[in-house]
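**Student:** Quick one, structure for this:
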Amino acid sequence: MFPTKNLEHKMLQVGYKNIIGVDEVGYGALAGPVVVCALMIDWKRVKKNDALLKLGVRDSKQLTAAERERIALALRNDPRVTFQIASASPATIDRINILLAAQGAMRRAVSRMMNHELRIKLDKKSNSIVLVDGNRLIPKLKLPQRTIIGGDQKVFTIACASIIAKVCRDQIMIRYAKTYPQYGFAKHKGYGTKEHFAWLTTIGPSLIHRRSFTLTSKLL
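**Tutor:** Below you'll find the model as predicted:
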């Protein structure tokens, strides 16, 4: 399934000018941060058969690492695409739980987009709307929001955000692999693979593991 721009066009037709897609990556990982991208496209400058629409954008989980990196680079270099990244550390996740940590990162990413990139006051008069992947609104965000279950598979802007967030988080985990080479972070990016659980059983968690998560597996 390839995402479409249909929802974005509907939002433009009802008067919204700034349509921001938000997605997170790393929610279920055992180690490392949860990373969020808030992304907006200037749709008025996108033509019907535009190259942007032919990048092969889809849910980041359905792309290879090489495909994600290619698309992320194209998005970063496109002047019509604006985005902000925010994250929550394993320590924050353990302190307040993964849901609140992810929602806080979403709120920061959107706020940075509005305040620093668009220089627009964060309120309901800004003609802005946030499209959120999933079924939960972002708490304490003073903007209209719409949740879309499976948004990274259905909505083009959210899919773009998911790709950039995924590439960013993968790069973080590859860097961590140099500090903690025994865990194989470069391969599984902190998720609960059989190999990862085996190393946790053998040597225990690192400083970037989420202690509030179950770090053992019944599969071993």
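
**Student:** Show me which residues of the top helix by length along the chain are buried.
**Tutor:** If you go by DSSP state H, the chain has its longest helix at helix 156-179. Going by neighbour count (16 or more other CB atoms under 10 Å), the buried part of helix 156-179 is 156-170, 172-173, 176-177. The way it works is simple: take the backbone N, C-alpha and C, and place the C-beta from them, glycine included.

**Student:** Tell me how far the lowest-mean-pLDDT helix or strand in the chain lies from the chain's centre.
**Tutor:** For the chain, using mean pLDDT, DSSP states H and E, the weakest element among its helices and strands is helix 194-203, scoring a mean of 93. Here helix 194-203 shows a centroid-to-chain-centroid distance of 27 Å under the convention CA atoms, centre = their mean, to the nearest Å.

**Student:** same question for stretch 131-140, mean pLDDT?
**Tutor:** The average of the pLDDT scores along stretch 131-140 is 97.

**Student:** What is the end-to-end distance of that stretch?
**Tutor:** In stretch 131-140, first residue to last residue: 15 Å (CA to CA, to the nearest Å).

**Student:** Identify all contacting residues around it.
**Tutor:** Under the contact criterion CB atoms under 8 Å, 6 or more residues apart in numbering, stretch 131-140 has outside partners 7-8, 11, 19-24, 99, 103, 106-107, 110, 130, 145-152, 155, 157-158, 161-162.

**Student:** Recalculate using a threshold of 7 Å.
**Tutor:** 7, 19-23, 103, 106-107, 110, 130, 145-149, 151-152, 155, 157-158 (CB atoms under 7 Å, 6 or more residues apart in numbering).

**Student:** From those, which land in helices?
**Tutor:** 7, 103, 106-107, 110, 151-152, 157-158.

**Student:** Just the buried ones out of these, please.
**Tutor:** Buried, going by 16+ other CB under 10 Å: 7, 103, 106-107, 110, 151-152, 157-158, out of those.
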